[in-house]
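> Here is my input; please provide its structure:
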Amino acid sequence: MAEAFGTVRYSLLGPLRAWRDGQELDLGWARQQAVLAVLLLEMNRPVSVSAIVDAVWGNDPPRNARSTVQTYVSRLRRVLQPGRTANARNAVLLSTDAGYQVRGDPTELDVAIFERRLAAAQDHRARGDHEAAAAEVDAALALWRGEPFGGLEGPRLEAERRRLSERHAFARELRAAIRLELGQNTAAIAELTRLIGEFPLQERLRGLLMLALYRAGRQADALAAYQDVRRLLAEELGIDPGPELRDLHERILRNERELAGPAPAMWRHPAGGPRDGAGRAHPEGHRLDRAARELALAVAQQWRAEAAARSLFRPKPVRLRWSSTGRPVAATASAVLDDDGEPGRAERVDLHGDLDGLVEAFRLLPARQLVILGEPGAGKTVLAILLTLGLLDAPEPGEPAPVLLPLSSWNPRRDHLHTWLVRKLVEEYPGLANTAAYGPDAPARLVATGRVMPVLDGLDETPPGLHAVAIDALDEAIAGGRPLVVTCRSTEYEKAVQHGGAILARAAVVEIEPVGIEDAVAYLTARRRLGEDRWDPVVAHLRAHPEGPLACALSTPLMVDLTRTAYADPTGDPAELLDAARFPGQAEIEEHLLDAFVPAAYRHHPPAPGTRPPPPPRYRPAQAGRWLTFLARHLRHGHTHDLAWWQLADAMPRRTRGLVFGLPPALLCGLTGGLAAGPVIGLVYGLSFAVAGVIAHGRGRRTGPVRVEVRFRGTAKRFLGRFAIGLTIGVALGLGWALPVLLTLMLCVVFGLATGSHVWLDAPADATRASSPPAMLRQDRVATLSFTLSTALALGLFYATAYTFSRDIRAIPVLGGVFDLELAVPAGLAAALLGRSLFGRLGSVTYGLAGAVIGGQVMTPTSTFASGLAVGGVFGLAVGLTVASSRAWGAFAVTRAWLALSGRAPLRLIRFLDDAHRRGVLRQTGAVYQFRHARLRDHLANRNAESPDPSG
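Numbers count the residues shown, from 1 in each chain. As a prediction, this is how the structure comes out:
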C-alpha cells in the first residue's frame, strides 16, 4: 500500500519506496533513504541536522556528517520535487530555520493505515462481528511487503522497526485468534505454527495452538504441544508453564465440552504482542518486560526517597486542590473525554479534586494526557511526585511505567521528545543499557513500544522562546494516544498557547488552586506538641483576615512549608509575622520566610541528655548560606536549573581554568625533559605542554561522566579485540623507535593490556537502581582511574624504553641536528590521537603539535634502565595528570579544591550537597541536584546582587 503526499506516494512497510504520478522514484543510496525515512517519521515537523545525524548514524557519525546530510537532502529534493525550490508553495521537502521537513498527511502513511485497520479489527471483534474483524486484520497485514525500512540502518529506524515488528506479530496473533473463533481451525493451526517457530517461548501462542488442535479433533496433538512447551521452558528459562496454560492442559485432559465454544478468556484477547505465560513476550520481549518492571521499581524507590526527604508524609503534605483551568489553553470536553458530542463543541471539561483523587481522575481520562498548571510555589512538582507514586503503588494491567523527569534540558528544535526521553532514561537509569539483561537498545524499545509514561516536570524551565514549539512538539509526540503528564507555570503556558496557537489536543488541563486558610492551618499545626500554643495568634489572625497579607503569602504550599520550617524550633515565635510595621505587605513576608529558610534548615539542635551527638557534618548557617548563594549564582550564570558536579569546572573563568588544569602537567613534563637532557630541553617540553594544556583546558569541552561498573563476565571476545589494537600500537611504536624485538614484544603486551582492560568497565547491571550524584561520581572515578593508570603506565614505560634503548635511528635532522622529523611525526600523531580522545578536534591540534615538538627532540639515550624508568615515570605522571583532569571526576577533584581555597564551597562538596538534600534545601533528580524551590534559588542568586558574579 502506498500513500499520497501531494503528487508523491510513499511506502514504509518494507523497503522504502516512493512514486510520483505512477512512476517509481530512485531514492538513492541507503543512507540517503535513511534520511528521508527519518523525515517521514517526523511528518510536518522540522528536524534539525544534528537530530538527523543522531537518528541515522548514532554515536559514530562521519567527520563531515552535517554536510553529508545537506547533500542528501539536496538530492532528495531534486527527486521528490523536480523544478521546485526548497520553499516553493507546493514544495514537498522544505528547508526551515529549525531544519528540514517533509510536508504531507501522516494519516495516509501505510503505517497509520495499518494501525487504523488493526484498531477496527479489534472493535469489530469486541462487538462479535468476527467476519468484519477478519477482513480488517487481513487488510492490515496485506500492507506489509517485508521488514520495515528494509536495508536501512540508524538508531531511530532500528527502534521504529522493532516497534512495528512487535505490532506485526500482534496482528498475526490476532488473526489466528479470530480464525479460531470463526471455526477455521486448520487455518489457525497453520498461522500459529508459523508464529511459534518465530516466538517459541510465547505461552499465549501455545495455548491458542492447543485449543485449535483440540477443536480440530486432535486431542493427542494438543497434549503433545503442552509437553513440548513445558520441556522448552524448563530448558531455556528454568520455569514451568504459567497457571493459565496448565489449566488449559487439565481441561483438555478432562475433555471439557466448554472448550468447543468461545475461547477461554486468557486466549481470547491478545494484548500488545506475543506473550509467554507470565504475560511476557518472546525472548527479546521477555527481557524488555523485565526492563519495564525494574524501571518501575527504580522510579518508585527513587521518588519515595525524595518524598521522604521533603517530609511529604510527616504527617502528610499540604492539601492541594485542583480543578479544570478557566484559561483558554485547553481542548474541548468532547476531544478530551472522547465522547459522542458534537465535534468542536466548545464546552469546558469540568474536573476537580485533591491529592487523594488525582490518580483516579487521571485514569478516567481516555487518552490519559494531563497538564498541571500552577503559580510559582503552587506545588506542581509535589503533585507530579504523588501522581507518579500513586500510579506505581497500584498499577493497572498493561499500564506503562510512569517516569518523572525534569524537562529543562529538552530542546524541541533539536530533539524529538522520544529521542530526548531515551537519552534521559540512559542517564537516569544506566542499568537499562545492560544488553545482557535487557537486550539491545532497551531504553529506545521501551519508549517505542509505549512501555514508558513520561511525567514531565517544568515546561516553563525550558528556554522561553521554545515554549510554544515545545507544546506543539509534545502534541505531535502523543498524537497516537500515548499517555503524558506535564507541569508548567500557568502564565508561561497561557502565553505559549496564545503565541503559538498549539494545544495538547486531547489533554485535560487542570490548575492548582490557592491553599485554603484551614488547609494552611492544618499543615502548620500538624506537628505541634499537646498544649503548645505559639501558633494560636497566627491561626486566629488568618481566620480573622482571610484576605490579609499573611493569608495571601500563605496561599502557596511553598510559603506554608517555609513557614513551618522557619519556625520548627520551639523557641521560634511565628507571631512575629503579625508585626505590620516590620511586614507591611505580602512581599516582605515572603522575603523574610525565604531569608529564614536556610538558617532554619542548618540550625543546630543540641542532643538530648544521654543521647549521642549527631554525626558530622555540621555546617554553620552563615557558612552554608554563602556556599548555597555561590551555587545559585553558578546556575544562573549557566542558564540551567541542574546542579551537576561535573559542570562545576565552568564556574572557573576560562583563563583561570586553563592555567589551573594545564600548568601542573606542564611542570611535570618540563621536569621530564630536564632530567633527560638538561634545562633547555626541559624548557621546550614544559612550554609545549603548557601551551597545549592551557588552550585545551580553557577552550575545550570535556565529556560528561561515564556510567560504568567493573564486570569481567562475557568480556573475553571484546578484550581480545581491544588487545589486538594495543598490540598493533606497540609494534608500530617499537619499529618507529628501532627498539629491540624483545622490548617491542613487551610494549605490545603493555599496550594490549592498557587498551583491552577498558572492556571490563561495562554498563551498570541493575536497572532497579536510579542514578544519583554520589553513585555517578563513584562510577566515573573508576573509569577515570582505569583510563588514567593504563595510559600513564603504557606511555611512561614506552618513554623509559625509548629513552634507554632506541639506537641507530635513521634520523631526518633539522635545526642543526637538534630536531628529528622521523621521530616528530609518529610522536605528533600519537599525541594527536590522545588529544582527540580528551578534547576533540582542539585537543588533537594542540596536543598533536606539542607531541611533535617534544618527540622530535634529539637526545642522548641513558646508559641505565633504572634512570630511564625514573624519567619515564615522571613523564607517565604528566600524561596521567593530563588524562585525569580531562575527565569529569578528575576535573571535579581539581575544581572543588580551587573552590574550597577561594571560599566558595567546601572541600567535601558532594557531602555538603548530599547533606543539603537531606535537610530539604536541595532535591535530587537522577544524577543532578536542584534547589528544592525555584524561588529559593532565585532569592539566593539575587541576594547581595552588588557583589561580583561568582563565575567570574
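
> just the strands in the stretch 201-350 of the chain please.
For the stretch 201-350 of the chain, the strands defined by DSSP state E, counting those that start in this stretch cover 321-324.

> Check which helix or strand Gln930 maps to.
strand 928-931 (DSSP states H and E).

> Report the buried residues of that strand.
Applying a neighbour-count criterion of 16 or more other CB atoms under 10 Å, the buried positions in strand 928-931 are Val928, Tyr929, Gln930, Phe931. Just so you know, the C-beta spots here come from the backbone N, C-alpha and C atoms, and that holds for glycine as well.

> try stretch 410-430
Neighbour-count burial for stretch 410-430 [16+ other CB under 10 Å]: 410-430.

> Per-residue confidence, Ala401, what does it come out as?
According to the model's per-residue confidence, Ala401 sits at a pLDDT of 92.

> can you count the residues close to it?
As a burial measure, the neighbour count of Ala401 was computed by other CB atoms under 10 Å and equals 22.

> That one and Val455 touch, don't they?
No - using CB atoms under 8 Å as the test, Ala401 is too far from Val455 to be in contact (10.2 Å).

> quick one: contacts for the closest residue to Tyr602 other than its chain neighbours?
Counting by CB to CB, 6 or more residues apart in numbering, Pro621 is the residue found nearest to Tyr602 once chain neighbours are left out, at 4.3 Å. Pro621 makes contact with Val598, Pro599, Tyr602, Arg603, according to CB atoms under 8 Å, 6 or more residues apart in numbering.

> Among those, which are located in helices?
Filtering the contacts of Pro621 for membership in helices, criterion DSSP state H, returns Val598, Pro599.

> Quick check on the contacts of Pro621: which are buried?
Val598, Tyr602.

> quick revisit: where's the residue nearest to Tyr602 relative to Asp26, distance?
Taking CB to CB, to the nearest Å as the measure, Pro621 and Asp26 are separated by 72 Å.

> next SSE after the one helix or strand Gly682 maps to?
Element membership for Gly682 (DSSP H and E) is helix 679-699. Using DSSP H and E, the helix or strand that follows helix 679-699 towards the C-terminus is strand 709-710.

> who's in contact with Thr672?
Under the criterion of CB under 8 Å, 6+ apart, the contact list for Thr672 reads Gly682, Tyr685, Tyr799, Val871, Val874, Phe875, Ala878.

> pLDDT for the residues you listed - can I get that in a markdown table?
Listed next are these as a markdown table, based on pLDDT from 0 to 100:
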| residue | pLDDT |
| --- | --- |
| Gly682 | 91 |
| Tyr685 | 91 |
| Tyr799 | 81 |
| Val871 | 90 |
| Val874 | 93 |
| Phe875 | 90 |
| Ala878 | 93 |
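
> among those residues, which two are most distant?
The largest separation in those, counting by CB to CB, is between Gly682 and Tyr799 at 14.3 Å.

> More neighbours: those two, which one.
Applying other CB under 10 Å to Gly682 and Tyr799 shows that Tyr799 carries more neighbours, namely 24 against 19.

> check contacts around the more buried one.
Residues touching Tyr799, when contacts are defined by CB under 8 Å, 6+ apart, comprise Thr672, Val871, Gly872, Phe875, Gly876.

> Give me the subset of those residues lying in helices.
Counting by DSSP H, the part of the contacts of Tyr799 found in helices is Thr672, Val871, Gly872, Phe875, Gly876.

> Go through the residues you listed and say which is closest to Val497.
When the ones in helices among the contacts of Tyr799 are compared for distance to Val497 (CB to CB), Gly876 comes out closest, at 60.1 Å.

> May I ask which of the ones in helices among the contacts of Tyr799 has the most neighbours?
When these are compared by neighbour count (other CB under 10 Å), Thr672 ends up highest, at 29 neighbours.

> That one and Ala224, how far apart?
76 Å.

> thinking Val782 is in contact with Val708, fair?
Yes - taking contact to mean CB under 8 Å, the distance of 6.4 Å between Val782 and Val708 places them in contact.

> Measure how far the longest helix anywhere in the chain is from the centre of its chain, please.
Once the chain is assigned using DSSP H, the helix that runs over the most residues is helix 773-805. Using CA atoms, centre = their mean, to the nearest Å, we find the averaged C-alpha position of helix 773-805 to lie 29 Å away from the chain's own average C-alpha position.

> Neighbours of Asp569, how many?
Using other CB under 10 Å, Asp569 is surrounded by 12 other residues.

> Quickly note the distance from it to Tyr602.
In this view, Asp569 and Tyr602 are 12 Å apart by CB to CB.

> Repeat that for Val336.
Counting by CB to CB, the gap from Val336 to Tyr602 is 46 Å.

> Ok, Leu94 next?
If you go by CB to CB, the gap between Leu94 and Tyr602 works out to 56 Å.

> Where does the prediction get shaky in the stretch 551-700 of the chain?
Across the stretch 551-700 of the chain, residues meeting the criterion (pLDDT under 70) sit at 604-617.

> do that again at 50, thanks
Applying pLDDT under 50 to the stretch 551-700 of the chain flags the ranges 607-611.

> Strands of that one, start to end?
For the stretch 551-700 of the chain, strands defined by DSSP E, counting those that start in this stretch do not occur.

> picking that back up, got the contacts of Tyr799 as JSON lines, with distance to Ala436 columns?
As requested, the contacts of Tyr799 are arranged in JSON lines below (distance: CB to CB, whole Å):
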{"residue": "Thr672", "distance to Ala436": "43"}
{"residue": "Val871", "distance to Ala436": "44"}
{"residue": "Gly872", "distance to Ala436": "39"}
{"residue": "Phe875", "distance to Ala436": "39"}
{"residue": "Gly876", "distance to Ala436": "35"}
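
> Between the residues you listed, which sits nearest Val299?
So of the contacts of Tyr799, ranked by how close each gets to Val299 (CB to CB), first place is Gly876, at 44.1 Å.

> In contact with that closest one, which residues are there?
If you count contacts by CB under 8 Å, 6+ apart, Gly876 has them with Ala792, Leu793, Leu795, Gly796, Leu797, Tyr799.

> what does the model give it for pLDDT?
90.

> measure it to Ser757 for me?
Distance from Gly876 to Ser757, counting by CB to CB: 16 Å.

> where's the residue nearest to Gly686 when sequence neighbours are not counted relative to Ile681, distance?
Closest residue to Gly686 apart from its sequence neighbours, by CB to CB, 6+ apart: Gly670 at 2.5 Å. The gap separating Gly670 from Ile681 is 9 Å, by CB to CB.

> Between the two, which is the more surrounded one?
Per other CB under 10 Å, whichever of Gly670 and Ile681 has more neighbours is Gly670, with 23 against 20.

> Hmm, the more buried one is touching Ser688, no?
No - proximity of Gly670 to Ser688 does not meet the contact threshold set by CB under 8 Å, at 9.1 Å.

> did I read that right, Gly450 in a strand?
No - with DSSP: H, G, I helix; E, B strand; the rest coil as the criterion, Gly450 is assigned coil and is not in a strand.

> got the contact list for it?
Contacts of Gly450 by CB under 8 Å, 6+ apart are Pro400, Arg482.

> Phi and psi next, for it.
The phi and psi torsions at Gly450 (degrees, to the nearest 10) take the values phi 70, psi 30.

> Check the gap between it and Asp780 for me.
When distances are taken as CB to CB, Gly450 and Asp780 turn out to be 33 Å apart.

> same thing with Pro546?
According to CB to CB, Pro546 stands 53 Å off from Asp780.

> higher neighbour count, the two?
Comparing Pro546 with Asp780 by neighbour count (other CB under 10 Å), the higher total belongs to Asp780, at 23 against 12.

> If we ignore the residues flanking it in sequence, what's nearest that one?
Pro705 (3.8 Å).
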